[in-house]
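Undergrad: Take this sequence and fold it.
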Amino acid sequence: MKLSTKDVFTLITGASSGIGKALAEACARRGMNLALVALPGAELSETADYLRYTYHVKVYHLGVDLTQAEAYEEVLEWINQHHLPVNMLINNAGIGCTGAFETFSSEFYFKQIQLNVVALTLLTRLMFSELKKHPKAYIFNVGSLSGFFSVPFKDVYAATKAFVISFSESLRHELQDTGIHVSVLCPGGVNSNAETAKRLKHHGWFAQASALTCEQVAEEAIEKLLQKESVVIPGRWNRLFMMLDKIVPAFITNIIIRSEFKRCAMAI
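TA: Residues are numbered from 1 along each chain as shown. Below you'll find the predicted structure:
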């Protein structure tokens, strides 16, 4: 039986705050039902209630820590238990950081890789059978502009986002003859909370000028996803920077990036 758009659901991880919450609202504004996954807490249930009553869509939510090995199966079991036909998966959950490599513990890096890479990969794999049931389905992975570059003081984070970009592009090509479309979102600086706002203040004029709000990122992201754009880079300044990178020698780009992030890391 073919399901209408009123029957299907969008599954979003990291949906209780920041870009994830803004993506959820951008979807709800378009009448899309939601299955929200984030860390347990009042923020998640409050977000679900707000979207449910503001946009009159169906909203389910699950509090779970995706850095835990059993979490992916728990999400799948929850989807099956509530009989939620998911035709869109948005892998947004992730952990960022800025600072010298030795600043952070091995435990922190394990958790960062577990969430940014392992959770995204395994949840995509587990949801694959569900997505294939639909004539039209989407996988939307949240990467970062930093994933295109070597970024000192964000070494591991940038590397995880490089994985997300490569994985998304490879999977998109693999699935090009199917009904599943894969896109990757690569925002630059995002003014999402007090901590990121503090970091942006210590960057140069370009980072400050190109920074977007979560809402700006999400609105452009969902619009471009539905248009089946493969790599979504929100903001004209960020797209200009990517164009310039193609003509500027790599050593100059590396000098600029190192200077930017070293200044930020030393200030916070």
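Undergrad: could you check the distance from the residue nearest to residue 101 when sequence neighbours are not counted over to residue 241?
TA: Excluding the flanking residues, the one nearest residue 101 by CB to CB, 6 or more residues apart in numbering is residue 155, at 5.2 Å. C-beta here means a position set from N, CA and C on the backbone, and glycine is covered the same way. Residue 155 sits 20 Å away from residue 241 when distances are taken as CB to CB, to the nearest Å.
Undergrad: which stretches of the stretch 101-250 of the chain have low pLDDT?
TA: 192-210, 245, 248-250 (pLDDT under 70).
Undergrad: and with 80 instead?
TA: Scanning the stretch 101-250 of the chain for pLDDT under 80 picks out 191-210, 237, 241-250.
Undergrad: the strands in it, which residues?
TA: Assigned by DSSP state E, counting those that start in this stretch, the stretch 101-250 of the chain shows strands spanning 137-142, 180-185, 190-191, 212-213, 231-232.
Undergrad: wait, residue 44 sits on residue 36?
TA: Yes. Using CB atoms under 8 Å, residue 44 is in contact with residue 36, at 6.6 Å.
Undergrad: shared neighbours of the two, anything?
TA: Taking CB atoms under 8 Å, 6 or more residues apart in numbering as the criterion, residue 44 and residue 36 both touch 15-16, 61.
Undergrad: quick one: which of those has the most company?
TA: Neighbour count (other CB atoms under 10 Å) singles out residue 15 as the most crowded of the shared contacts of residue 44 and residue 36, with 32 neighbours.
Undergrad: give me the element that residue is part of.
TA: For residue 15, there is no helix or strand it lies in under DSSP states H and E.
Undergrad: Dihedrals phi and psi, it?
TA: phi -90, psi 0 (degrees, to the nearest 10).
Undergrad: Disregarding flanking residues, what is the spatial nearest neighbour of it?
TA: residue 36 is the one closest to residue 15 (CB to CB, 6+ apart), at 3.9 Å.
Undergrad: higher neighbour count, residue 155 and residue 241?
TA: residue 241 (20 against 17).
Undergrad: So that one is in contact with residue 149, correct?
TA: No. The pair residue 241 / residue 149 is not scored as a contact, 10.0 Å apart, by CB under 8 Å.
Undergrad: contacting residues for residue 16?
TA: By CB under 8 Å, 6+ apart, the neighbours of residue 16 are 36, 38-39, 41, 43-44, 47.
Undergrad: And those residues, which is closest to residue 131?
TA: Nearest to residue 131 among the contacts of residue 16, counting by CB to CB, is residue 36 at 17.6 Å.
Undergrad: Can you tell me whether I have it right that that closest one is in a strand?
TA: Yes. Under DSSP: H, G, I helix; E, B strand; the rest coil, residue 36 falls within a strand.
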